[in-house]
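Participant: Okay, here's the prediction I keep looking at, along with the sequence it came from:
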Amino acid sequence: MGEAASALGKPAPNPFSPGFGQLPSMLVGRDDLLAEIGSGLVTGPRDIRYTSIFMGVRGSGKTVAVTELEDRAASDGWVILSLDASSKGILERTQDELGALPERYPELDLGKLGGERIVERTRGVDIAGFKGGVAETESRSAGRAMGLRRQLTYLAEQARKHDTSVLLTVDELHAIDREEGRRLSNDLQHITKRSELPLAFLGAGLSEMKYTVLQDKKMTFFRRCEQYGMPPLTEADVAKGLLHPIHDSGGEITDDALRLAVESIGTLPYKLQLVGHTAWTVANAPEKAIDAHAVGRAVEFAQKSFDEKVSEPAFYDLSESERQFLKGLVDLGGVSKVADIAVRSRQNVDTARGIGRRLTMSGYLHSDGGVVTLTELVPERIVIQELGGSQPINVAPTPSAPPHSKGADRCRKWMPRKKAHCILAAGHSGGCRSK
């Protein structure tokens, strides 16, 4: 007999997964990075890569990289502790996870982490001569009498006895509560660095933690972790990340559609998954080939989604002075020296330079020869949408415009792969061009 039809509707399998942190069907542009970290993990506690942190903007694939390494370590028999620091209570959540490990890994003899058996008996109420029964519920208290450092030490010692290792991962590390972060940092410093027990660490967070969490002198362990930025996808990566999932799922994409998609996606994995997922749905693949029309609609939808889920939250992560710095840059036409932005935004020059450095480290700006421009993380339209903008002005004579532009009204979008600004007229159709 066939399966009964679902009242919810017909399933629509799609080879792309645009959810944050979801592993795509094909991971591209990360082979070298994952091999580098993987080598450090298998080498052991004395390798600097044994404790590492991924940093990058939203949508750059940090969480996916951590998840992939968790899966690889798990397939090698490692014990995995997967946590996130997006809200307060990470120490308590760590102990909750530790308490569940004895059942997950019975072969490691982790009984001390399981806590004591607790049986609760509840007697029912007598009503109108009918006596209620006795209900029993059983649970286990987490083995917290040991303290978190002792629990983690015991776990690492047991792992070593059984010739394996532990991988502790913390996502959203930039958001960790300072006091909890200091305690966890100190515990890991003693266990992994001083005692050299097999407890590896991988963190992931926004680039801004270079000047927040990683500037905290009481988080020595995190400061000493090896730091990795998320490399931008190349055009070849994007093409591969589209073609292989489409073909493996029985679909087709036209050459024109593929070119348009590659030009429009840029360097972020999240955008690749967004465009791929939407184009597949719009084209009704795999029954029909994905054409340029489907990709065009997908790019339009993906840009709106990217703005809502990435660019706007990134903008509102900034302080008021940082937002005004970006507004000053937009008012100056999107390409300017920091000193000119300081004048435009009415900021002290030294203050503006500090803001410029932080925004560059965090992925909001590209700096080249003292001139800064916005990246795709928060484009000009988002700044104007959120803060408004005055008529762009020039604080210095503008060089004659290239032949492709209309006067000085150029696109100026930064193209990371070409390492140049687009010379076409603002609002042009199709992809950007550097010459």
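Facilitator: That came through fine. Numbers count the residues shown, from 1 in each chain.
Participant: from here on, contacts and neighbour counts on C-alpha atoms
Facilitator: OK.
Participant: Residue 198 is in contact with residue 159, isn't it?
Facilitator: Yes. Using CA atoms under 8 Å, residue 198 is in contact with residue 159, at 7.3 Å.
Participant: So which of the two has more stuff around it?
Facilitator: Comparing residue 198 with residue 159 by other CA atoms under 10 Å, the one with more neighbours is residue 198, at 28 against 22.
Participant: Tell me where the model's unsure across the stretch 51-200 of the chain.
Facilitator: 115-145 (pLDDT under 70).
Participant: where exactly do the helices run in it?
Facilitator: Taking DSSP state H, counting those that start in this stretch as the test, the helices found in the stretch 51-200 of the chain are 62-75, 90-104, 148-161, 178-188.
Participant: which strands and helices sit next to the first one?
Facilitator: In this case it means helix 62-75. Secondary-structure packing of helix 62-75 (3 or more CA pairs under 8 Å, 6 or more residues apart in numbering; DSSP states H and E): helix 31-43, strand 51-56, strand 79-84, strand 166-171, strand 199-206.
Participant: now that helix and strand 51-56, what's the angle there?
Facilitator: 150 degrees (axes from the mean of the first three to the mean of the last three CA atoms, to 10 degrees).
Participant: Only the buried residues of helix 62-75, if you could.
Facilitator: Residues of helix 62-75 classed as buried by neighbour count (16 or more other CA atoms under 10 Å): 62, 63, 64, 65, 66, 67, 69, 70, 73.
Participant: same question, the third one
Facilitator: Residues of helix 148-161 classed as buried by neighbour count (16+ other CA under 10 Å): 148, 149, 151, 152, 153, 154, 155, 156, 157, 158, 159, 160.
Participant: residues near residue 147, how many?
Facilitator: The number of residues near residue 147, taken as other CA under 10 Å, comes to 10.
Participant: contacting residues around it?
Facilitator: Contacts for residue 147 (CA atoms under 8 Å, 6 or more residues apart in numbering) come out as none.
Participant: hmm, back to that, residues that sit against both of residue 198 and residue 159, list them.
Facilitator: Residues within reach of residue 198 and of residue 159 at once, by CA under 8 Å, 6+ apart, are 165, 166.
Participant: ok so, going back, between the buried residues of helix 62-75, which is closest to residue 351?
Facilitator: If you rank the buried residues of helix 62-75 by distance to residue 351 using CA to CA, residue 62 comes first, at 30.3 Å.
Participant: Who are the contact partners of that closest one?
Facilitator: 21, 54, 55, 56, 204, 205, 230.
Participant: List buried residues within the residues you listed.
Facilitator: 21, 54, 55, 56, 204, 205, 230.
Participant: Residue 80: which of those residues is nearest?
Facilitator: residue 204 (15.5 Å).
Participant: correct me, but the closest one touches residue 64?
Facilitator: No. Using CA under 8 Å as the test, residue 204 is too far from residue 64 to be in contact (9.8 Å).
Participant: can you list the domains in this structure?
Facilitator: What automatic domain parsing lists as the domains of the chain is 31-122+134-229, 235-314, 328-396.
Participant: Spell out which residues sit in contact with residue 74, please.
Facilitator: Taking CA under 8 Å, 6+ apart as the test, what residue 74 contacts is residue 80.
Participant: From residue 49, how far out is it?
Facilitator: To residue 49, residue 74 is 18 Å away according to CA to CA, to the nearest Å.
Participant: now do residue 360
Facilitator: For residue 360 relative to residue 49 (CA to CA), the value is 25 Å.
Participant: So between the two, which is more surrounded?
Facilitator: For residue 360 versus residue 49, neighbours defined as other CA under 10 Å are more numerous around residue 49 (24 against 19).
Participant: Would you agree that one is in contact with residue 224?
Facilitator: No. The pair residue 49 / residue 224 is not scored as a contact, 10.4 Å apart, by CA under 8 Å.
Participant: picking up where we left off before, between the domains of the chain, which one is nearest to residue 13?
Facilitator: With CA to CA as the criterion, residue 13 lies closest to domain 235-314 of the domains of the chain, at 9.1 Å.
Participant: State the mean pLDDT of that closest one.
Facilitator: Per-region confidence: domain 235-314 scores 96 on mean pLDDT.
Participant: what separates the residue nearest in space to the middle of the chain from residue 205, distance-wise?
Facilitator: For the chain, the residue nearest the mean C-alpha position is residue 62 (3.9 Å; CA atoms, centre = their mean). For residue 62, the distance to residue 205 equals 7 Å [CA to CA].
Participant: how far away is the residue nearest to the centre of the chain from residue 364?
Facilitator: 17 Å.
Participant: Widest-spaced pair of the buried residues of helix 62-75?
Facilitator: By the measure CA to CA, 62 and 73 form the most distant pair in the buried residues of helix 62-75, at 16.8 Å.
Participant: Go ahead and confirm residue 218 touches residue 182.
Facilitator: Yes. With contact defined as CA under 8 Å, residue 218 counts as touching residue 182 (5.9 Å).
Participant: Quick check on these two: which one has the bigger neighbour count.
Facilitator: The residue with more neighbours, out of residue 218 and residue 182, is residue 182; 20 against 17, by other CA under 10 Å.
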